[in-house]
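Peer 1: just a sequence and a predicted model for now, questions to come.
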Amino acid sequence: MTRLIDHFYLDELFDGRHRWLPMVEQMRPHLVNNLNDGMSWGIFPLFFASFGLGVERIGILKAAYPATWGILQVATGPLSDRWCRKGLIVVGMWVQAAGLFLTAATREFQWWLLGSLLLGLGRAMVYPSLIAAVSDASQPTWRARSLSVYRFWRDLGYAIGALAAGLIADRFGLSWAIGSIAGLTFLSGGVVAVLMQEHERRPVDLEQDGAPRSAVV
């Protein structure tokens, strides 16, 4: 996958002119981040229903995850600016993995609810931090281009997650599908901890054509 990303970047978009390599490490975790999201929408309802949970309670569990994510990212975004993007990404991936492992290993509603809350908390830590990290690594002259390719690989995670989880579930069962994605999420956090580099965040973008294009206050 990394070789394919590298080739796509180098030959098709940037023609070798830009220093885009650091962003590859920031794309992998968001592809995995959306991979576990795609899995959750396809596998979680089937998993919960297999233990006799009704539609109403399944809806509560599925709503808890995006609600937690949506609300908390209002706070985690500013924290990413003040603290460290890498730290939030790593811890967020591991928190998501914990939520997935808890969901796969338990059989009671209250534990599944806690798993959904952890999944939402972890995603809230990762989601704004990753796209900000890509922006940090991009020069103003090619930032939109880099973000478009980042979004391509990020959103591809939804499809890969749904397909991969379905194949694993058919072969080994629903719990194995959730546990496998949890393991991949945890591993992805470890890769970020080892390989990702922090980039200096400048208060004002470099000037282009004699005038600043944007500023961050």
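Peer 2: Structure's in. What do you need?
Peer 1: and the gap between S146 and D155?
Peer 2: According to Cβ to Cβ, to the nearest Å, S146 stands 15 Å off from D155. C-beta here means a position set from N, CA and C on the backbone, and glycine is covered the same way.
Peer 1: L195 too?
Peer 2: From L195 to D155 the distance is 22 Å (Cβ to Cβ).
Peer 1: any idea how far the residue most central in space within the chain lies from V55?
Peer 2: Central residue of the chain (Cα atoms, centre = their mean): N33, 2.7 Å from the mean position. Note on N33: its distance to V55, by Cβ to Cβ, is 27 Å.
Peer 1: ranges for the helices of this structure?
Peer 2: With helices called from DSSP state H, the chain shows them at 2-7, 21-50, 55-82, 85-105, 109-136, 143-172, 174-195.
Peer 1: tell me the helices and strands packed up against the third one.
Peer 2: It refers to helix 55-82. Applying 3 or more Cβ pairs under 8 Å, 6 or more residues apart in numbering; DSSP states H and E, one finds that helix 55-82 makes contact with helix 21-50, helix 85-105, helix 109-136.
Peer 1: poorly predicted segments of this protein, please.
Peer 2: Counting by pLDDT under 70, the ranges of the chain that qualify are 1-30, 198-217.
Peer 1: rerun that using 50 as the cut-off
Peer 2: Applying pLDDT under 50 to the chain flags residues 1-21, 203-217.
Peer 1: not counting residues beside it along the chain, what's closest to G190?
Peer 2: Computed as Cβ to Cβ, 6 or more residues apart in numbering, the closest residue to G190 that is not its neighbour in sequence is V90, at 7.9 Å.
Peer 1: any idea how far stretch 90-108 is from the chain center?
Peer 2: Remark: stretch 90-108 is offset 14 Å from the chain centroid, using Cα atoms, centre = their mean, to the nearest Å.
Peer 1: for burial, what's the neighbour tally of Q197?
Peer 2: 12 (other Cβ atoms under 10 Å).
Peer 1: now swap in A49 and tell me
Peer 2: Per other Cβ under 10 Å, the neighbour tally for A49 reads 14.
Peer 1: how near is the closest residue in space to it that isn't next to it in sequence to L184?
Peer 2: Spatially, and ignoring its direct neighbours in sequence, A49 is nearest to I58 (6.5 Å; Cβ to Cβ, 6+ apart). If you measure I58 against L184 using Cβ to Cβ, the figure is 24 Å.
Peer 1: swap in G161?
Peer 2: Per Cβ to Cβ, G161 is found 9 Å from L184.
Peer 1: kindly report the same for G54.
Peer 2: 30 Å.
Peer 1: related to what we said a few turns ago, ok, now which ones touch the residue nearest to G190?
Peer 2: Contacts for V90 (Cβ atoms under 8 Å, 6 or more residues apart in numbering) come out as 189-190, 192-193.
Peer 1: kindly report the same for G42.
Peer 2: Neighbours of G42 in contact, by Cβ under 8 Å, 6+ apart: 161-162, 165-166.
Peer 1: same question, V32
Peer 2: Applying Cβ under 8 Å, 6+ apart, the residues contacting V32 are 93, 157, 184-185, 188.
Peer 1: how about it, nearest residue that isn't a chain neighbour?
Peer 2: Counting by Cβ to Cβ, 6+ apart, the residue nearest V32 is S188, at 4.2 Å.
Peer 1: distance of that neighbour from L35?
Peer 2: As for S188, its distance to L35 is 9 Å (criterion: Cβ to Cβ).
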